[in-house]
Structures are given as structure tokens and as C-alpha cells.
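Enquirer: Below is the sequence, then the predicted model.
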Amino acid sequence: MCKEFRDVILTDYIDGELDKDVKVRLEAHLRVCAHCREFADEVKAQLVVPFKQTQRVSVPEDLWRSIEESIAQENEEMQPAANWIDRLVQSLTLPRLVPVFLSLILFISAGLWILNSHQGSQVAGNDSGEYVADILDSVSELAEIDNDNFGTSIEQYFL
Amino acid sequence: MLPGISDDIIRKASQGDLRSFEAIYKATSGFVYNVALRVVNNREDAKEVAQEVFLNMYHKLKNFRFESSLKTWVYRITVNSALNYAQKTARTRGRETEYQDVVMAGEVVPDARTQMDEHHAEEAIETLLETINPEQRACVVLRGIEGLSYQEIAETLKININTVRTRLKRAREKLLASKKKVANEYV
């Protein structure tokens, strides 16, 4: 019984966190138990009062200056990186890219024009009828070559 | 809500406005420095922690969503920074066992025996806090000195409210035991 109350005295009781019912029971116990009453008084005197009486220690006067200096130093260290990123972004802005795009379009257009004119001249140079006849002749010549030279005797047997 | 700190000031500070950030500094530096001081228990270290806290705040304010109060948010950053600092220095200084053993060291005994009057209260508190670990210290400071409720401590440290109770109970048991040990040895 006393052990349970002593745990409560060490925590919720001296910190004012005890709920009403437990507080009533504890105070009834303290009225009849001299040991627990003595323990509660000792705890209050040794562990509550000294901390409550503690005065705040003054903040060192130069603390804010040190913090300001550290922030300024960090900002300076960040500056070169920021400049580098700015330069990169500026170099990629649209006005600087316009001449590059124009040159590229001109180059591709010129290439396409040359290619088209070359193919056109090839086709235009042949009469279409003669062109087809030539192709047919070539195919028949190839077929004759195949009959003469390709295939082993077994393959020829099956063919 | 912190007195004198409107949502507009927070927004301006989050956009890098140094004057608005200075207003937040003025409203919070007192408890930031004092909480840091009680957790790391050393003035020079506390100053370093406080500076780190405000630089963190300056960078992270743009992520502040107004879901919790600014004060809770600042407490959270402060306690986290102080705990990290305390753990880091404990590793580098090899102080892991110091929290348990400090009361046995002769040099702190006169302070531990000091009556709780105004002149010695500060030293007595420092000595008391040395006997518990930084996580327990954070709970004791937020409750005992800053006056936060269990719920506020739980929100600040992002822990269960029963964990707050457990940490406070263990810390206080340790503090009482330390005081008794000193009293028995030197009566």
C-alpha cells in the first residue's frame, strides 16, 4: 500500500497531476501513515522547492551576435553557388537560344532540299518504260544464274 | 503562443527576415539557454547548444506547420540538441559512468550538503542534476523548472506520457538516494 502511494507521491502528487479520486485516497492515507507523510514532506522539500527557487541564468550577451555572424557566413558561402546557378539559368534563356534554333532549322531545310533534288534528278533521267524493262531483264538474268550455279545435287534432286 | 510572436512574424522569419527572427530569439532565448544549460550542465556548452538551436530554427522554420505551438517546437529542438550534445561529449570525455558516481566524488560533497538558500541554490541544482542522466534531466527540468505539464513534456519529447512518469520517478528516486547517501556519510 505504502509503496504504491510513494510512487504516486514521487510523480503525480507533487506535480499536481493527480486525478481527484486518487488524491482523496492518498490524502486519507497520509493522515494515518506517518512514514508516508514524512516521505511526502521530504520529497517536496528536497525535489520541488529547490527547482522552483532556481533563478533563470542570464543569456550570454554575445549569443545573438554569434548567431547573426553564423547566418551571415552561411549566406556568403551560399552566394557563389547561387551566382553559378544564376549564370547557368541566364545562359539558357530564350533570347540566346533563338539564333541557335534558326541555324538548326536552316541547316535541316538545306539538307532536305539537297536530298530531294538528287533523288528527283535520278528518276527524271530515265524513261519510265525503259526503266521497268531494265529491271525485268535484270531479274531474269539472275534467275538464269540461279539455275546454273546454285544448289547441291541433293537440293537439285528435291527441286 | 509566445507573447509578441504572431503567425506573421513566424512566416517572415521562415522566409529569411532577420528582424523577425530576432523577435523570436528575444522571446525564446531565455528558456532555450536555460534548458540547454540544465541538460548539459555547463555554461560554455549551453551557449554552444543554444547557438546550434537557433541556427537550426532559422533553417527549419519554413517547415513549421503551426500544428503544435511554437514554444513546444522550440523546446523540442532545444532538448534534442542538448541531449545529442550531452551524449556526444559523454562519449568524447568518457563520462558515461559519471552520472552514477559523481556523488561519491569528494569534491561535490560540500555542495550537496549545502542548505537550499539563494546563494547556494544554483550550485546545489547543478550538483543534483549531475547525478541523473541527460534524458531524466530533460524531464526534471521541463517539469520542475519550466513548469510544463506531463502532456506538454510528452509532446515535446515525443514520448508516451507514462514514459514521462517513469523517467521522473526514477530520476527523483536517484536524487533522493544521492542526498541521503551524502547526509549519512557526512553527519
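Expert: Cool, the structure landed. Residues are numbered from 1 along each chain as shown, chains lettered A, B, ... in the order given.

Enquirer: Flag the helix or strand of chain B with the lowest per-element mean pLDDT.
Expert: In chain B, no helix or strand scores lower on mean pLDDT, DSSP states H and E than helix B:98-101, which sits at a mean of 44.

Enquirer: contacting residues for the closest residue to B:Ile132 other than its chain neighbours?
Expert: Excluding its sequence neighbours, the residue lying closest to B:Ile132 (CB to CB, 6 or more residues apart in numbering or on different chains) is B:Ala171, at 4.6 Å. (C-beta placed from N, C-alpha, C; glycine too.) By CB atoms under 8 Å, 6 or more residues apart in numbering or on different chains, B:Ala171 lies in contact with B:Ile132, B:Gln136, B:Arg137, B:Cys139, B:Val140.

Enquirer: Quickly note the distance from the last one to B:Arg167.
Expert: In this view, B:Val140 and B:Arg167 are 8 Å apart by CB to CB, to the nearest Å.

Enquirer: Kindly report the same for the second one.
Expert: Distance, B:Gln136 to B:Arg167, by CB to CB: 5 Å.

Enquirer: just to revisit the earlier point, of the contacts of B:Ala171, which qualify as buried by neighbour count?
Expert: B:Ile132, B:Gln136, B:Arg137, B:Cys139, B:Val140 (16 or more other CB atoms under 10 Å in any protein chain shown).

Enquirer: Spell out which helix or strand contains the last one, please.
Expert: What it means is B:Val140. Element membership for B:Val140, per DSSP states H and E: helix B:134-140.

Enquirer: State the number of residues packed around the residue in chain A that chain B sits nearest to.
Expert: Closest contact between chain A and chain B, by CB to the nearest CB, is at A:Phe51 (3.2 Å). Neighbours of A:Phe51 under the rule other CB atoms under 10 Å in any protein chain shown: 19.

Enquirer: Check the one 4 residues further on too.
Expert: A total of 11 residues lie near A:Gln55 under the criterion other CB under 10 Å.

Enquirer: now swap in the one 5 residues further on and tell me
Expert: Other residues within reach of A:Pro60 by the criterion other CB under 10 Å amount to 17.

Enquirer: Could you do B:Asn42 as well?
Expert: B:Asn42 has 16 nearby residues by other CB under 10 Å.

Enquirer: go on, B:Arg76?
Expert: B:Arg76, neighbours per other CB under 10 Å, totals 15.

Enquirer: interface residues of chain A facing chain B?
Expert: Contact residues (CB under 8 Å from any CB of the partner chain) of chain A with chain B: A:7, A:10-12, A:15, A:17, A:42-43, A:46-57, A:59-60, A:63-64, A:66-68, A:70-71, A:74.

Enquirer: hmm, 6 Å instead?
Expert: Residues of chain A lying near chain B by CB under 6 Å from any CB of the partner chain: A:10-11, A:17, A:46-47, A:50-51, A:53-54, A:56-57, A:59-60, A:64, A:66-67, A:70.

Enquirer: Inside helices: which ones of those?
Expert: A:Pro50, A:Phe51, A:Gln53, A:Trp64, A:Ser66, A:Ile67, A:Ser70 (DSSP state H).

Enquirer: in the chain, what spans have low per-residue confidence?
Expert: You didn't say which chain, so I picked chain A. Applying pLDDT under 70 to chain A flags the ranges A:1, A:80-97, A:120-133, A:135-136, A:138-159.

Enquirer: oops, I was thinking of chain B
Expert: B:1, B:91-119, B:182-187.

Enquirer: Quick one: the strands in it, in order.
Expert: Counting by DSSP state E, chain B has no strands to list.

Enquirer: middle-most residue in it, spatially?
Expert: Centroid-nearest residue in chain B: B:Val35, 3.2 Å away (criterion: CA atoms, centre = their mean).

Enquirer: returning to that earlier point: pull the contacting residues for the residue of chain A closest to chain B.
Expert: B:Gly144, B:Ile145 (CB atoms under 6 Å, 6 or more residues apart in numbering or on different chains).

Enquirer: Let's see the helix or strand where A:Asp41 lies as CSV, backbone CA atoms only.
Expert: Taking DSSP H and E as the definition, A:Asp41 sits inside helix A:34-43. Only the C-alpha atoms of helix A:34-43 are listed here, as CSV (Å, rounded to 0.1, in the frame of the first residue of the first chain):
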residue,chain,number,x,y,z
ALA,A,34,3.3,9.0,9.5
HIS,A,35,6.0,7.4,7.3
CYS,A,36,4.3,8.4,4.0
ARG,A,37,3.6,11.8,5.4
GLU,A,38,7.2,12.3,6.2
PHE,A,39,8.2,11.0,2.8
ALA,A,40,5.9,13.4,1.1
ASP,A,41,7.3,16.3,3.0
GLU,A,42,10.8,15.3,2.3
VAL,A,43,10.1,14.9,-1.4
